[in-house]
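1. No sequence on hand, only this structure:
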């Protein structure tokens, strides 16, 4: 999609918002209107001009199409109007500082209104966007082929005439293909292969900490299974967290490629609350907390996805926390079934993660607010709700950081989610590839990338 579909807004590797199809934007003083000036001279792959009417058509389709998966992302938008040929105004039902983040992702990807209308739901089989590359073909489980769009407004920044994406599930086969020269770039390199790539003079290793996290969600108020000491007593959750050596997990399971974490964003994020650093493992402190909670040893069941990496992760955690008095049993499940049980409240603890969003709100609000859509813990604290709601209703970064810090003060004590680490995006490239820049959203941006 990054090669195929330009968005209204893009991000930098530092997570700042920068122009793409919108060249500039301003907020009204009350935060209820977002006005965007649009790029002139841009066009869709079918020749349809990009303008304000096209933006209005895209946003309204995302809001109103019954099959749309973007509705919730644009829930704050009460209306949008074209105020001139190259200017649109978003009218919000309430201030929403997260809207720019949504417009820098799928909700901001602009598609040809003409093609949308002509093809209906078949549009997905032949997408027509306005990005630097246009769609050629998709052969399921085999390849996706794009070719350069010569009329793109930034076409001179893209060298390659054709780009082919190959799904290769086996990590060993992926690396072998790269080493043989059959592919130029490999994404999601297995951490166990990192050392081999770094040692190969024909390859380039690139890594960046992603936006997401992995952790352990605790059932605090989700049905009958929440009625247990772990769900009721925060000190036990604190003890479990203290018994985990996050640095050791990183080294043993991820060969040092992940980022140990204890919040909804990684320590490298500008939104990380420095007052709550990642704690060192402290078995004695964990045992003291258990004693304060009136517990010597406790049985705990953790459900985990039945893939090798997550299984190894939880086996390491299982061994670590046993020293503090936690007798952990692991319930391995198929991932979709695990999520279903988690939503239904049929679990005690669940090892699960999140892919991450550019705005911190997307990593926390829906998980810990009382009515959050993915709050499978059913944790509820009115003070946290108030702080996180206020954080999403102001565009003042300093004020938002204050709100998140205050919420973190509470969440670090109550621990509805015990964060463990933040996965990294890892690429391996042929040394003939020059100019590739890793981004924390994991997307491959080919502007200024060349091949010798």
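-> Structure received. Keep in mind it's a predicted model, so treat the numbers as computed, not measured.
2. What ranges does the stretch 101-250 of the chain have for its strands?
-> Ranges of strands in the stretch 101-250 of the chain, per DSSP state E, counting those that start in this stretch, are 133-139, 143-148, 162-165, 185-187, 203-209, 213-218.
3. tell me the mean pLDDT over the first one?
-> Translated: strand 133-139. For strand 133-139, the mean per-residue pLDDT is 97.
4. Identify the neighbouring strands of it in the sheet and state each direction.
-> Applying DSSP bridges, strand 133-139 is found paired with strand 143-148 (antiparallel).
5. Show me what counts as buried in the partner strand.
-> For strand 143-148, burial by neighbour count (16 or more other CB atoms under 10 Å) applies to 144, 145, 146, 147, 148. C-beta here means a position set from N, CA and C on the backbone, and glycine is covered the same way.
6. mind putting those residues in a markdown table, pLDDT and distance to residue 429 included?
-> A markdown table is the format used below for these (pLDDT from 0 to 100; distance: CB to CB, whole Å):
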| residue | pLDDT | distance to residue 429 |
| --- | --- | --- |
| 144 | 97 | 19 |
| 145 | 98 | 20 |
| 146 | 98 | 19 |
| 147 | 98 | 21 |
| 148 | 98 | 20 |
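7. wait, which of the residues you listed is closest to residue 411?
-> Of all the buried residues of strand 143-148, residue 144 has the smallest distance to residue 411: 40.2 Å, by CB to CB.
8. looking at it, the closest one is touching residue 138, isn't it?
-> Yes. Residue 144 is within contact range of residue 138, at 4.7 Å (criterion: CB atoms under 8 Å).
9. Are we agreed that residue 96 is in a helix?
-> No. Judged by DSSP: H, G, I helix; E, B strand; the rest coil, residue 96 forms no part of a helix; its state is coil.
10. Residue 82: what secondary structure?
-> strand.
11. Thought residue 57 was touching it, still the case?
-> No. If you go by CB under 8 Å, residue 82 and residue 57 don't touch, sitting 9.7 Å apart.
12. okay if I get the strands of the stretch 101-250 of the chain as CSV plus distance to residue 318?
-> Conversion of those to CSV gives the following (distance: least, CB to CB, whole Å):
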stretch, distance to residue 318
strand 133-139, 42
strand 143-148, 40
strand 162-165, 38
strand 185-187, 31
strand 203-209, 26
strand 213-218, 11
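13. Burial-wise, tell me which of the ones you listed comes out on top.
-> Each of these was scored by mean neighbour count; the highest is strand 213-218, a mean of 24, by mean count of other CB atoms under 10 Å.
14. residues making contact with that one?
-> Contact with strand 213-218 is made by 230-231, 237, 240, 261, 264-266, 302, 310, 313, 317, 342, 348-354, 356, 363, 376-377, 415-423, as judged by CB atoms under 8 Å, 6 or more residues apart in numbering.
15. Tell me how far it lies from the chain's centre.
-> 14 Å (CA atoms, centre = their mean, to the nearest Å).
16. go on, stretch 50-65?
-> Remark: stretch 50-65 is offset 25 Å from the chain centroid, using CA atoms, centre = their mean.
17. same check, this time on stretch 144-156
-> In terms of CA atoms, centre = their mean, the centre of stretch 144-156 is set 27 Å apart from its chain centre.
18. What of stretch 8-22?
-> 16 Å.
19. show me where this structure has helices.
-> Ranges of helices in the chain, per DSSP state H, are 52-64, 99-103, 113-119, 171-179, 194-198, 229-232, 234-242, 246-254, 283-292, 308-322, 335-344, 361-368, 382-391, 397-414.
20. mind giving me a markdown table with these and columns for mean neighbour count and distance to residue 129?
-> Listed next are the helices of the chain as a markdown table, based on neighbours: other CB atoms under 10 Å; distance: least, CB to CB, whole Å:
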| stretch | mean neighbour count | distance to residue 129 |
| --- | --- | --- |
| helix 52-64 | 19 | 10 |
| helix 99-103 | 25 | 15 |
| helix 113-119 | 16 | 9 |
| helix 171-179 | 16 | 27 |
| helix 194-198 | 16 | 33 |
| helix 229-232 | 19 | 46 |
| helix 234-242 | 23 | 44 |
| helix 246-254 | 18 | 35 |
| helix 283-292 | 17 | 52 |
| helix 308-322 | 17 | 34 |
| helix 335-344 | 15 | 30 |
| helix 361-368 | 22 | 23 |
| helix 382-391 | 18 | 32 |
| helix 397-414 | 17 | 31 |
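21. tell me the contacts of the nearest residue to residue 426 once chain neighbours are set aside?
-> Among residues not flanking residue 426 along the chain, residue 189 sits closest, at 4.2 Å (CB to CB, 6 or more residues apart in numbering). Contact analysis of residue 189 by CB under 8 Å, 6+ apart lists 171, 174, 175, 197, 205, 426, 427, 428.
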